[in-house]
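**Q** Need a 3D model of the sequence below.
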Amino acid sequence: MEIKTALYLIPVNISNAPINDTLPAGNLDILRQLHHLIVENVRTARRFLKRCDPAFDISAVTFYELNRHTDLSQVGAYLEPLRRGEPMGVMSEAGCPAVADPGSLPVSIAQREGLRVIPLVGPSSILMALMASGFNGQGFSFNGYLPIDGKEREKRLRELENLSRKHDMTQIFIETPYRNNRMVSCLASVLHPDTMVCVACDITDPEKEVIKTLPASRWKNNKQDFDKRPAIFLIYCGKSMKG
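**A** Numbers count the residues shown, from 1 in each chain. This is a model prediction of the structure:
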C-alpha cells in the first residue's frame, strides 16, 4: 500500500534483540517507501536499515544528518522533499525520534508549516523503564542529564526528590553510560533512605536487561556493574508505592 505524504517518525531498536521482537513489521513496509531520511549519523542509519532488511536499497535513499555539528539554520531546507509532496522520515540513533533527541526540530518545523507528522510504534526506554518501575505513571517528568559537577548534581537530586514528594511525581533522568555506577552511589548517599530508586539497564536485551527497584539505602551495597551500558534512572517518594 502506498504511504501518505507525511514526516514519519521511525523508532530504532535499543538493544541487540531481534528486530521482529521490538519493532512492528509495518514499520519496515513504510521504510521501504521512504527515499529521504533525517538521521543523527548516516553510518549507523545505514547499518540499521540493513539489519531490518539485508536487501534494503540504501542507494535509493538521500540522508540528511542532524546532530550537534549541524548548522540548525539549514534544517528547514531538509524538508523540501516533504513540501513537494514526497514522504520523509526522521530516525534517532536508538529509541523514538524527537524524545530526548535532536529530531524534534524538523518535527517542530513541519508542525508550524501544517505538514503532516505520523509517529510510528516502537521502543522508548523512558516509558518502558517507567512501566517496569512500579512508580506513578500518571504523573512523571523526564529531566534529561543531571549536572556533572558533584555539588550541583547533589543539589539537583534533592530538588527532584522534593518535587516527587510534593507533587507525587516520578522523576526520570539519564547519565553518560561510563558514569552510571557513580550515579548509583550518589543516589544511595544523597537521597532519603526510603526514597525509591529504579535502575533500568539494557532494556529489551534478552540477555542483559536489568530493571530493579529498591529503597535508596539498599543501593549502597549494589554489586552490579552498570557502567558503559544504556540506563535510565527513576526516583519516587510519593503515594503510589504505599497503596
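**Q** counting contacts, what elements does the longest helix seen in the chain pack onto?
**A** The longest helix of the chain (DSSP state H) is helix 150-167. Helices and strands touching helix 150-167, as assessed by 3 or more Cβ pairs under 8 Å, 6 or more residues apart in numbering; DSSP states H and E, comprise strand 170-174, helix 180-190, strand 231-236. In short, each C-beta sits where N, CA and C put it, glycine included.
**Q** The first one pairs with which strands?
**A** If you go by DSSP bridges, strand 170-174 pairs up with strand 140-145 (parallel), strand 231-236 (antiparallel).
**Q** Could you list the buried residues of the first one?
**A** With burial defined by 16 or more other Cβ atoms under 10 Å, the residues of strand 140-145 counted as buried are 140, 142.
**Q** Outside of that strand itself, list whatever touches it.
**A** 100, 126, 130, 160, 163, 169-176 (Cβ atoms under 8 Å, 6 or more residues apart in numbering).
**Q** and with 10 Å instead?
**A** Residues outside strand 140-145 that contact it (Cβ atoms under 10 Å, 6 or more residues apart in numbering) are 99-100, 126-127, 130, 133, 153, 156, 159-160, 163-164, 167, 169-176, 179, 232-234, 236.
**Q** Now do that strand against helix 150-167, angle only.
**A** 170 degrees (axes from the mean of the first three to the mean of the last three Cα atoms, to 10 degrees).
**Q** ok, back up a step: out of the contacts of strand 140-145, which end up buried?
**A** By 16+ other Cβ under 10 Å, the contacts of strand 140-145 give 99-100, 126-127, 130, 133, 153, 156, 160, 163-164, 169-175, 179, 232-234, 236 as buried.
**Q** Going by residue numbers, what spans are helices in this protein?
**A** Using DSSP H, the helices of the chain run over 19-22, 25-31, 42-52, 75-78, 80-83, 104-112, 125-133, 150-167, 180-190.
**Q** And residue 153, how far from residue 147?
**A** According to Cβ to Cβ, to the nearest Å, residue 153 and residue 147 sit 5 Å apart.
**Q** Same check on residue 28?
**A** Distance from residue 28 to residue 147, by Cβ to Cβ: 40 Å.
**Q** Could you do residue 168 as well?
**A** Counting by Cβ to Cβ, the separation of residue 168 from residue 147 is 25 Å.
**Q** With residue 71 instead?
**A** 28 Å.
**Q** More neighbours: the two, which one.
**A** More crowded of residue 71 and residue 147, by other Cβ atoms under 10 Å: residue 147, with 12 against 6.
**Q** Assess the claim that the more buried one and residue 176 are in contact.
**A** No. Assessed by Cβ atoms under 10 Å, residue 147 is found out of contact with residue 176, at 12.0 Å.
**Q** in terms of contact, does residue 171 touch residue 158 like I think?
**A** No. Between residue 171 and residue 158 there is no contact under Cβ under 10 Å: 11.2 Å.
**Q** Would you mind listing the outside residues contacting the longest helix of the chain?
**A** By Cβ under 10 Å, 6+ apart, helix 150-167 touches 135-136, 139-141, 143, 145-147, 149, 169-173, 175, 179, 182-183, 186-187, 189-192, 195-196, 216, 233-239.
**Q** what about 6 Å?
**A** 146-147, 171, 190-191, 195, 236-238 (Cβ atoms under 6 Å, 6 or more residues apart in numbering).
**Q** and if you look at stretch 100-112?
**A** Around stretch 100-112, the neighbours that count as contacts under Cβ under 6 Å, 6+ apart are 7, 38, 66, 75-76, 90, 92, 97-98, 117.
**Q** got the buried residues for it?
**A** Within stretch 100-112, judged by 16+ other Cβ under 10 Å, the buried ones are 100-103, 105-107, 109-110.
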